[in-house]
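Q: Got a sequence here, can you model it:
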Amino acid sequence: MNENNEKKVMKNQAIKIGILVVAIVVLGVSLSYAYYSANKSGNSQIDETTAGRLDLSSTLTTASAINNAKLQLLDASNVVAEAEKVEFSVTSADTSTVNGKYYIYLTDIQLSKNLYSKYFKWQLVRITSNGESEIANGNFENATRSDTPSEIEEEKAVTSVEDITLNSTVLTIAPNTTDQLLFRLWLENDPDNNQIELTEGTFRGKLKIEATPSH
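A: Below is the predicted model:
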């Protein structure tokens, strides 16, 4: 098979990747800012006049998960329209009296060895009335494996991966405010390279939010 025909076959072949991004976060996070500050500084006495409250919730618990067993290669120009995605929101209630700060993680990651690749990509964006604003993007080429390799494991063996922090810069949210967010996941086509090694891969993971009061 010549190179052009090989690329054509690869372009038309479904990429057999089982993807399940389970959207999980604890709803109704309520934190006492005064208690948090006092304990952070080692002071057991809390000044009630400085007490604050952070009531944070998210729709991650009810967001539709990604579940696609035949993910296909996407050209870069088609990513926004066609990539798999999870849409969710983070809300600080009007009962909050302090700002919140939060990070979003990929956790409980299971990744087959052939998907430690620069072509397996993710993106985190904020959605506003003006459209999308990218927060961060990345790929799994340098994901850190957390389990111990076996001497006899297969080329496409499923491995465990350390948590990935999606936003390296903390996100802040004011009281009575909602952030609309979107997480994308896709395999990107490279017309100049044979990407057959990406077939029959597996990915599983969960999205997680960790929030604290901002002071």
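
Q: For residue 102, give me its contacts.
A: Contact analysis of residue 102 by C-beta atoms under 8 Å, 6 or more residues apart in numbering lists 56, 90, 170, 171, 173, 209, 210, 211, 212. Every residue, glycine included, has its C-beta placed from N, CA and C.

Q: so what's residue 90 up against?
A: Contacts for residue 90 (C-beta under 8 Å, 6+ apart) come out as 56, 57, 58, 102, 171, 173, 178, 179, 181, 209, 211.

Q: burial of the last one, as a residue count?
A: Residue 211 is surrounded by 23 other residues when neighbours are defined as other C-beta atoms under 10 Å.

Q: helix or strand for it, which one?
A: Assigned by DSSP states H and E, residue 211 belongs to strand 202-213.

Q: Tell me which residues of the helix or strand where residue 90 lies come out buried.
A: Remark: residue 90 resides in strand 84-92, with elements defined by DSSP H and E. By neighbour count on 16 or more other C-beta atoms under 10 Å, the buried set for strand 84-92 is 84, 85, 86, 87, 88, 90, 91, 92.

Q: Now flag whichever of those residues is closest to residue 116.
A: Comparing those against residue 116 with C-beta to C-beta places residue 84 closest, at 18.9 Å.

Q: Quickly list what that closest one is bridged to.
A: Beta-bridge partners recorded for residue 84 (DSSP bridges): residue 185.

Q: and the gap between it and residue 111?
A: Distance check for residue 84 against residue 111: by C-beta to C-beta, to the nearest Å, it reads 15 Å.

Q: beta partners of the residue nearest the centre of the chain?
A: In the chain, the C-alpha nearest the mean C-alpha coordinate belongs to residue 106, at 4.6 Å (C-alpha atoms, centre = their mean). Note on residue 106: beta-bridge partners residue 164, residue 207, judged by DSSP bridges.

Q: contacting residues around it?
A: Residue 106 neighbours (C-beta under 8 Å, 6+ apart): 122, 163, 164, 166, 205, 206, 207, 208.

Q: surely the third one meets residue 137?
A: Spelled out, that is residue 164. No: with contact defined as C-beta atoms under 8 Å, residue 164 does not count as touching residue 137 (11.8 Å).

Q: Tally up the residues packed near the closest residue to residue 105 other than its chain neighbours, please.
A: With sequence-adjacent residues excluded and distances taken as C-beta to C-beta, 6 or more residues apart in numbering, residue 105 is closest to residue 208, at 4.6 Å. Counted with other C-beta under 10 Å, residues neighbouring residue 208 total 20.
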